[in-house]
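1. coords please:
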Amino acid sequence: MSGEKEMSLDEKLLSLIAELKAPKGQRNNFGKYNYRSAEDILEAVKPLALKYGLLPRLSDEPIAIGDWHYIQATASIIDVKTGEERSATGNAREPESKKGMDESQITGTASSYARKYAMNGLYQIDDTKDADTDEYKQQIDSVKPKTIDSNKAKVLKAKIKELAVLASLKTSNDITPDAMYEKLSDTKFLTIIPIEKLDTEQFLTIDRYIKELEKAYSKK
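-> Residues are numbered from 1 along each chain as shown. Reported below is the predicted structural model:
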């Protein structure tokens, strides 16, 4: 009826959420469970979006947080008539490596999970008990950085000693390797972590910082 009040975007979105049924259309034969993918959710959203004059959109971009790379996805729904928009974001971390996958596949996997989490937020889908959510957590946990071995610790100590000598020459101060490492560790981690207990991420962070300081001292 022409006299009916036009629904607001929030009212349309609420109706869509109430009617949305996103089936678990994927099967993990190894784990013997069904789960829903980002594609399953989007396919379920499309007819309802058309019904209410809404346009669903998905996008993602890589972001760096510390030494880790994440894919940040944004799920949006736009009112075609007014241009109003509602959105939610989701993040998924890229593992350093995953057996059997090249770099594009690793990024694609993270993108798929990030988009799924973004749509879960926008369309209020509870996936916290889904097995594939646990699977992704296990995947990420499996690539958590490990403590460095004795060879890396030995290499790092040698670099710190060389940096301490350079810093002493350039500043006319007697800087010991121990004092130099304490400065490095405290600056980067706000605490003193023994070299032997550094993980691979922390090792790379300290190593990069040493290179930066070497360049800075060399210019003096």
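
2. Could you give the number of residues near Lys12?
-> Per other C-beta atoms under 10 Å, the neighbour tally for Lys12 reads 21. C-beta here means a position set from N, CA and C on the backbone, and glycine is covered the same way.

3. Thr89 too?
-> Thr89, neighbours per other C-beta under 10 Å, totals 16.

4. For it, pull up the helix or strand it's in.
-> Taking DSSP states H and E as the definition, Thr89 sits inside strand 85-93.

5. ranges for the strands of the protein?
-> Applying DSSP state E to the chain gives strands spanning 26-28, 33-35, 54-65, 68-79, 85-93.

6. Pull the residues that contact the fourth one.
-> In this structure, residues lying in contact with strand 68-79 by C-beta atoms under 8 Å, 6 or more residues apart in numbering are 9, 12-13, 16, 49, 53-64, 84-94, 107, 110-111, 114-115, 117-119, 121-123, 201.

7. Return the residues in contact with Ala164.
-> With C-beta under 8 Å, 6+ apart, Ala164 has these contacts: 175-177, 179-180.

8. Let's see that with 6 Å instead.
-> Ala164 sits next to 175, 177, 180 when contact means C-beta atoms under 6 Å, 6 or more residues apart in numbering.

9. Against Ala118, how distant is the closest residue to the last one other than its chain neighbours?
-> Counting by C-beta to C-beta, 6 or more residues apart in numbering, Met180 lies nearest to Ala164, which is 4.1 Å off, once chain neighbours are set aside. Between Ala164 and Ala118 the distance, using C-beta to C-beta, to the nearest Å, works out to 47 Å.

10. Sketch out the low-pLDDT regions of this structure for me.
-> For the chain, the stretches flagged by pLDDT under 70 are 1-4, 30-31, 65-68, 94-108, 127-145, 220.

11. Walk me through the domains of it.
-> Split into domains by automatic domain parsing, the chain comes to 9-141, 150-218.

12. what's stretch 46-54 in contact with?
-> Residues outside stretch 46-54 that contact it (C-beta under 6 Å, 6+ apart): 12, 16, 19, 56, 77, 80.

13. how about the last one, what does it touch?
-> Translated: Val80. Shown in contact with Val80 (C-beta under 6 Å, 6+ apart): 53, 55.

14. which residues in this protein form helices?
-> Applying DSSP state H to the chain gives helices spanning 9-19, 38-51, 103-122, 131-141, 150-171, 177-189, 200-218.

15. Make a markdown table from those and add distance to Gln72 to it.
-> Formatted as a markdown table, those follow (distance: least, C-beta to C-beta, whole Å):
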| stretch | distance to Gln72 |
| --- | --- |
| helix 9-19 | 22 |
| helix 38-51 | 14 |
| helix 103-122 | 6 |
| helix 131-141 | 15 |
| helix 150-171 | 31 |
| helix 177-189 | 24 |
| helix 200-218 | 20 |
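
16. Let me know which of the ones you listed is tucked in deepest.
-> Neighbour counts (mean count of other C-beta atoms under 10 Å) averaged over each of those peak at helix 103-122, with a mean of 20.

17. ok, now how distant is Tyr35 from Arg27?
-> Per C-beta to C-beta, Tyr35 is found 8 Å from Arg27.

18. These two: which is more packed in?
-> Comparing Tyr35 with Arg27 by other C-beta under 10 Å, the one with more neighbours is Tyr35, at 18 against 11.

19. Alright, that wraps it up for me.
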